[in-house]
Each structure stands twice: as structure tokens, then as C-alpha cells.
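S.K.: Sequence and computational prediction follow.
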Amino acid sequence: MRARRAALNYVTGVLFTAVTMVVGLVALPYLLEWLGEERYGAWRAAADWYGYLSLLELGIGGALLPLLARAVGRTDRGALNTTMGAGIRAYARQSALMVLGGLMLVVAIRYLVPVSAANRPDLMRAALVATAALLLTPLLPFRHLAEARQEGYRVNLLLLFQSLIITSAALLLAYSGWGITGQMLALLLGGAFFFGVLALGELRNDAGIARAAGGSVKQSEAWGELWRLNRPTLIRQLCGRVSVMSDRIIVAALLGPAMVVPLFVTQRLAELAQGQMQGVGTATWAGLAELHARGEHDTFNARLLELTALVTAWSVALLGPIVAYNHHFVSLWVGGERYAGDLVTIVVGVNGLLLAVITLWDWAFGGTGQVARLVPVSVVATAINLGLSLALTPRYGVAGPLLGTMCATLLTAAWYVPVLLHRTFGIALGVLARHVATPLLWGVPYVVVLWQLAHRRPAIGWATLAIEMAAGALAYLAVWWMLMLTVEQRAVHIARLRSVLRGR
């Protein structure tokens, strides 16, 4: 059952990415035409600033996930309802702080995202809409509950419809002249649909959650555990936001909002692929947490090693063609003049691989309630990343923040998180290194060959681009299957696939 649900979670995640990628390919040129690069870049940067307000949830989400997973694993309905009630009440309390922070951003946004005088009123109205969207925050525990039940496929399908709603509304409002405000309204509509459907469906099935949320939960064990686990999660969220999500803010502040566009379009395809690789951890963390909660530690370690090798191999297979052909992709999509350069593409590919593997390892700690062990390395990595990003952006342009992320990751998490895995779970460092190194040693010459082939080609069309990129990925996966897996490993993968297909 765990394998089947993990497969469903991952497949629906791939479907979500594929559909949103195609829709985004079609929509972005129209948005750029109807909005202009300054308003489009300002919307992206403003959305990132409002993303920082999620830190005012104080790490509740990361603390809630292992508590829900434990209650689900033990099939304890009472504990589950109490935990959900505590989560909803906690989120509701923090949403008031978020709205207050949002109103402060309404006043400050014109200084944080510099735009021309003609676009300032539009930017401030968009900030008001973004503040209103924060009122949906108390519904977040319903998403966490679905994920803890290994029902991420439901979340992914709802996210797919949410994306279609957002894109449709964004196009309609941009065409109608609603500018930056229209883009924020589109996000609000999509969020209301997503959380509304999740919450209503769950409350219809179990009224106990509503009773628990409306009752007194402040003295419950779940309430105490929630606020005990939230602090390290908050620090990690802050570090993640500064390390990865501030790139557009730095570029907008130092280089201007218009420069956000080449940064966004050049890394977009790699970001989508990276999301799928990180989706492996999202799809499997609840199953791993269940194994750990039951004391099946040897099985837990074996599955984590298997997933490490799988994520590394799939990351190379997907990111290799993207790194090689990205200049063709951007030229076909929005025009070669918006391509940010090969340096950006290469660094984005390296970051995608590093973050995909490290995110999987992070889930081993987060899913078992041990996220506090990751706090020191996160703080150090964030300080290095922010300092390097600010220093390198004036010299290397939009590549600066990406170079900061890469250097910080290599200097900290890339080697220290494996040490933590060894100390915490007893995973041998040599075995872990072998599961990462083997796909990489095969992957380097693979990417070099693809790069040479792609850069010797003149301009190509969409069909040729898709065929060559798919052929490159399939070629590497064939090598992985035949040469990097043992006969026993191939047999295990085949057996699991058959089990999933048969619904066992």
C-alpha cells in the first residue's frame, strides 16, 4: 500500500508539472505582452516578498506533519482530531499577525519593489489583494493531513486545477488591463478553490475536526508538542526562504524588476524538473516516517538509500538535457534576447541536483520529528548564501544569487547532512556516497556529450527539441537500468511496479 500510494503521489506530481509547464509555455508570452516586463517582474518580486510572511506561521506546518503522520500510523482517530484542532487554532492565531504584516507591506512595497511612478498605485492595490489572501492560512492543516495520509495524489490533482484557474484568470485579467492587481487576484482565486475543496471534503467526512478546532486545545498534549517542535522548523523555513526564494528580490533590488524576467525564464524548465525530483521525497516521506515509528530502522535505512540513488539518477537524466538545450528552449519560448546565459543554466542545473538529493535527506529528519538537527547547518549555509549573493550579483548579474546558493550548499549541507544521517540513523557514509557517486560518474560524460550536440545545432523547432531532449533522458535511463543496477535491484523494481499496477 505504501508503494502504491507513493507511486500515485509521484505520478500525479509529474502530471501536474507537465500540464502546468505546457500551460505556462503558452501563457507567459501573452502575459509579457499585455503586462510588460516591469509589471510582470514587479508582480513576481512582490509575490516573493509576501512569501516571507509565511514565516509568521512560526514553523507550525513542519511541526504538524510528524504529529499527524504519527496519529495516522497508529490509526488513533482521537489524537488525529486533537492534532488537527490544535493546528487550525494555531494557524488562525498566526494569520492575524500575517495580515498585520501584509498591511505593513502595502505601505512599504513601493520601496521594496521599485517601479515607475505610473505603476505604483497598481502595485499597492496588488499588495492589498495579497494581504486578503492571507486569510486562507487557517485552512493549511487540511493539506498537511492529506499528505500525512499519503494522499498527496489528491493534493496534486487539486493543485493542477488550481493552476489552471490561476492561469486562466491571470490571462483574462491581464488582457482586461488589471495589471499587477489582476495577477494577485488570480492567485487569490486559485487559493480559495484549493483550500476550500480540501477543507469542505474533510469536514464532511469527519465533524470531529471542527469540534476539536472549536474547543479548548491549549492544554492538550498535541498543543504542547506543536509548539515544542515549531521553533527548529521556523528557523529552517527562514533559512530556506532567504537561501532559495530571495533570488528575485535581490535581482529586482540591485538590477531592476525587468531583470527578473530573464532570471525566471532561464531557470524555469530546470525548476520544474527539480520540483519533480523533490517530489520523490514529498511522495515517500510519510511511508518512511511510518517505518521509523514502527521501529523498522533497517528497512528505513535501506529505503532511504534506494531513494537516494533513484533521485540522483533521475535528476541527472532530467537536468542533463535541460542544461544542454535550455538556450534553444528559451529562444523558442520567449525569444533569445531574454536568455540569461549559459552560466545561469549550468549553475541552475547543479543547484537542482544538489537540492533534490538534500531535500530527500531533509525529509528523513522532518518526517521523524528530528528537524532540529538540521538547524545549525541551515543557519551557516544561509549566512554564506546571502553574503555571496549580494556580493556576486553586481559582478555576475542575474547569475549572482544562483552562484551564492551553489557555493553555500557545497560548503555546508552537501557534506554535513550525510554526517548527520550517519550519526542519527546509522547509515554508513561510504554506502551513502556510493549511491550518489555512481549515477554522477556516469552522468558527467553524458551531459558533456549532450552539451556538445546541442550547441553545434542551429535553431530548431519544438518537435525536434522535444524529441532530442527525450531521447537524451531515455538514453541515460537505459544506461542506469542496464549498467548501474544489479540483477537483484532490477528484479525488486519490477516486482514493485507490478504490485503497484495490480493495486497491492
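M.R.: Right, received. Where do you want to start? In this text, all values refer to a predicted model and were calculated from it rather than measured experimentally.

S.K.: Show me the shaky parts of this structure.
M.R.: 1-7, 73-74, 76, 206-208, 210-230, 241-245, 279, 281-286, 499-504 (pLDDT under 70).

S.K.: tell me the domain ranges of it?
M.R.: Domain assignment for the chain, taken from automatic domain parsing, gives 1-6+16-245, 256-370+429-504.

S.K.: helices and strands around the helix or strand containing Leu272, which ones?
M.R.: Per DSSP states H and E: Leu272 is located in helix 260-293. Counting contacts by 3 or more Cβ pairs under 8 Å, 6 or more residues apart in numbering; DSSP states H and E, helix 260-293 is packed against helix 2-35, helix 37-51, helix 60-73, helix 140-148, helix 247-255, helix 297-333, helix 342-366. In this view, the C-beta of every residue, glycine as well, is placed from N, C-alpha and C.

S.K.: Packing partners of the third one?
M.R.: In this case it means helix 60-73. Using 3+ Cβ pairs under 8 Å, 6+ apart, helix 60-73 is in contact with helix 77-112, helix 140-148, helix 221-244, helix 260-293, helix 342-366.

S.K.: angle of that helix against helix 77-112?
M.R.: Interaxial angle of helix 60-73 relative to helix 77-112 (axes from the mean of the first three to the mean of the last three Cα atoms, to 10 degrees): 160 degrees.

S.K.: Likewise for the fifth one?
M.R.: Using the same axes, to 10 degrees, one finds that helix 247-255 and helix 77-112 are set 10 degrees apart in direction.

S.K.: any idea which residue sits dead centre in the protein?
M.R.: Geometric centre of the chain, nearest residue: Gly275, 5.4 Å, by Cα atoms, centre = their mean.

S.K.: Would you mind measuring from that residue to Ala466?
M.R.: From Gly275 across to Ala466, the span is 19 Å (Cβ to Cβ, to the nearest Å).

S.K.: With Ala253 instead?
M.R.: 37 Å.

S.K.: Who has more neighbours out of these two?
M.R.: Neighbours per residue (other Cβ atoms under 10 Å) separate Ala253 from Ala466, with Ala253 holding more: 17 against 14.

S.K.: quick one: contacts for the more buried one?
M.R.: With contacts defined as Cβ atoms under 8 Å, 6 or more residues apart in numbering, Ala253 is in contact with 112, 114.

S.K.: Quick check: chain neighbours aside, which residue is closest to Gly400?
M.R.: Once flanking residues are discounted, Gly400 sits nearest to Thr393: 3.1 Å by Cβ to Cβ, 6 or more residues apart in numbering.

S.K.: ok, that neighbour - how many residues close by?
M.R.: The burial count for Thr393: 23, using other Cβ under 10 Å.

S.K.: Buried residues, stretch 308-317. List them.
M.R.: 308-317 (16 or more other Cβ atoms under 10 Å).

S.K.: returning to what we had before: excluding chain neighbours, give the residue nearest to the residue nearest to the centre of the chain in space.
M.R.: Thr17 (6.1 Å).

S.K.: so that neighbour sits right up against Gln276, yeah?
M.R.: Yes: using Cβ atoms under 8 Å, Thr17 is in contact with Gln276, at 5.5 Å.

S.K.: ok, the residue nearest to Gly400 touching Ala252?
M.R.: No: using Cβ under 8 Å, Thr393 is not in contact with Ala252; the gap is 10.8 Å.

S.K.: Kindly list the main-chain dihedrals of Thr368?
M.R.: Thr368 adopts backbone torsions of phi -100, psi 10, taken as degrees, to the nearest 10.

S.K.: Contact partners for it?
M.R.: For Thr368, the contact set (Cβ under 8 Å, 6+ apart) comprises 66, 288-289, 292-293.

S.K.: Just the C-alpha atoms of stretch 262-281, please, in CSV.
M.R.: Extracted C-alpha coordinates of stretch 262-281, given in CSV (Å, rounded to 0.1, in the frame of the first residue of the first chain):
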residue,chain,number,x,y,z
PRO,A,262,15.5,36.6,-17.9
LEU,A,263,16.2,35.0,-14.5
PHE,A,264,12.8,33.5,-14.3
VAL,A,265,12.5,32.2,-17.9
THR,A,266,16.1,30.8,-18.0
GLN,A,267,15.7,28.7,-14.8
ARG,A,268,12.0,27.8,-15.3
LEU,A,269,12.5,24.5,-17.0
ALA,A,270,15.1,23.3,-14.5
GLU,A,271,12.9,24.4,-11.6
LEU,A,272,10.1,22.3,-12.9
ALA,A,273,12.4,19.2,-13.2
GLN,A,274,13.8,19.9,-9.8
GLY,A,275,10.3,20.0,-8.4
GLN,A,276,9.7,16.5,-9.7
MET,A,277,12.9,15.3,-8.1
GLN,A,278,12.0,16.9,-4.8
GLY,A,279,8.5,15.3,-5.3
VAL,A,280,10.0,11.9,-4.6
GLY,A,281,10.7,13.0,-1.0
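
S.K.: List the buried residues in that stretch.
M.R.: Using 16+ other Cβ under 10 Å as the test for burial, stretch 262-281 gives 262-270, 272-281.

S.K.: can you give me the strands in the stretch 401-504 of the chain?
M.R.: Using DSSP state E, counting those that start in this stretch, the stretch 401-504 of the chain contains no strands.

S.K.: thinking again about what came up before, among the helices and strands packed on helix 260-293, which comes closest to Arg496?
M.R.: helix 2-35 (5.3 Å; Cβ to Cβ).

S.K.: I'd say Thr83 and Leu68 touch.
M.R.: Yes: contact status for Thr83 versus Leu68: in contact at 5.7 Å, counting by Cβ under 8 Å.

S.K.: between these two, who's got more neighbours?
M.R.: Legend: neighbour count by other Cβ under 10 Å for Thr83 and Leu68, higher for Thr83 (30 against 24).

S.K.: Might you report the residue contacts of the nearest residue to Leu304 once chain neighbours are set aside?
M.R.: Spatial nearest neighbour of Leu304, excluding adjacent residues (Cβ to Cβ, 6+ apart): Ala364 at 5.8 Å. Ala364 sits next to 285, 288, 304, 421, 424-425 when contact means Cβ under 8 Å, 6+ apart.

S.K.: Check His292 too.
M.R.: 300, 367-368.

S.K.: Let me have these in a markdown table, adding distance to Leu145 as columns.
M.R.: Output for the contacts of His292, formatted as a markdown table (distance: Cβ to Cβ, whole Å):
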| residue | distance to Leu145 |
| --- | --- |
| Phe300 | 23 |
| Gly367 | 15 |
| Thr368 | 18 |
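
S.K.: quick check, nearest of the residues you listed to Gly191?
M.R.: Gly367 (25.6 Å).

S.K.: Distance of the closest one relative to Ala478?
M.R.: 32 Å.

S.K.: Which one of those two is surrounded by more residues?
M.R.: Ranked by neighbour count (other Cβ under 10 Å), Gly367 and Ala478 place Gly367 first, with 26 against 11.

S.K.: Isn't Leu173 up against Ile180?
M.R.: No: at 10.0 Å, Leu173 and Ile180 do not qualify as touching, with contact defined as Cβ under 8 Å.

S.K.: Give the residue from the two that has the larger number of neighbours.
M.R.: Ranked by neighbour count (other Cβ under 10 Å), Leu173 and Ile180 place Ile180 first, with 31 against 20.

S.K.: is it true that that one touches Gly41?
M.R.: No: under the criterion of Cβ under 8 Å, Ile180 is not in contact with Gly41, lying 10.0 Å apart.
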